[in-house]
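*Asks:* Sharing a sequence plus its predicted fold:
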Amino acid sequence: QLQLVESGGGLVRPGGSLRLSCAASGFTLEHYVIGWFRQAPGKEREGVSCISPSGDSAHYADSNKGRFTISRDNAKNTVYLQMNSLKPEDTAVYYCASSLHWNQAMCVMNEYADWGQGTQVTVSS
């Protein structure tokens, strides 16, 4: 089983920034699609962003377009999610997950087989 470990979460004020990292353990990320998903209290898990294995394509949810940027460094076996202009509604547990299928249209949660444990992001003044 693939192991993914998220880090970089924390408490930030509205308008602030965080960079989340998703590191792979025991396998090479370079062949995998990596997605970021989040789940807020009392809400369903939703897609945030995903990136193709080469890093040349990415999808973003409408709610974070222009604010979030996904990137990957295959040499470091890590995928990043840079989050700027954070809002209270971005508060959630953020998860990264891996897939062998690149969906040309969007990030589809049930296409991702292996998940990390999540990292908490709290946006509050």
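*Replies:* Structure received.

*Asks:* per-residue confidence for the closest residue to Phe37 other than its chain neighbours?
*Replies:* Using Cβ to Cβ, 6 or more residues apart in numbering and skipping the chain neighbours, the partner closest in space to Phe37 is Tyr95 (4.9 Å). C-beta here means a position set from N, CA and C on the backbone, and glycine is covered the same way. Predicted confidence (pLDDT) for Tyr95: 98.

*Asks:* ok, residues contacting the helix or strand that Tyr95 is a member of?
*Replies:* Assessed by DSSP states H and E, Tyr95 sits inside strand 92-99. Strand 92-99 has contacts (Cβ atoms under 8 Å, 6 or more residues apart in numbering) with 2, 4, 6, 9, 20, 22, 24, 29, 32-40, 43, 45, 48, 50, 79, 81, 109, 111-121.

*Asks:* All the strands of this protein, residue numbers only.
*Replies:* Ranges of strands in the chain, per DSSP state E, are 3-7, 10-12, 18-25, 33-39, 46-51, 58-60, 68-73, 78-83, 92-99, 114-115, 119-123.

*Asks:* okay if I get the ones you listed as a markdown table plus distance to Ala105 and mean neighbour count?
*Replies:* Formatted as a markdown table, the strands of the chain follow (distance: least, Cβ to Cβ, whole Å; neighbours: other Cβ atoms under 10 Å):
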| stretch | distance to Ala105 | mean neighbour count |
| --- | --- | --- |
| strand 3-7 | 23 | 17 |
| strand 10-12 | 31 | 14 |
| strand 18-25 | 22 | 19 |
| strand 33-39 | 13 | 24 |
| strand 46-51 | 11 | 23 |
| strand 58-60 | 8 | 19 |
| strand 68-73 | 16 | 18 |
| strand 78-83 | 20 | 23 |
| strand 92-99 | 14 | 23 |
| strand 114-115 | 21 | 16 |
| strand 119-123 | 26 | 18 |
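
*Asks:* which residues does the closest residue to Arg45 other than its chain neighbours bridge with?
*Replies:* For Arg45, ignoring the flanking residues on the chain, the nearest one in space by Cβ to Cβ, 6+ apart is Gln39 at 4.2 Å. Beta bridges link Gln39 to Val93, judged by DSSP bridges.
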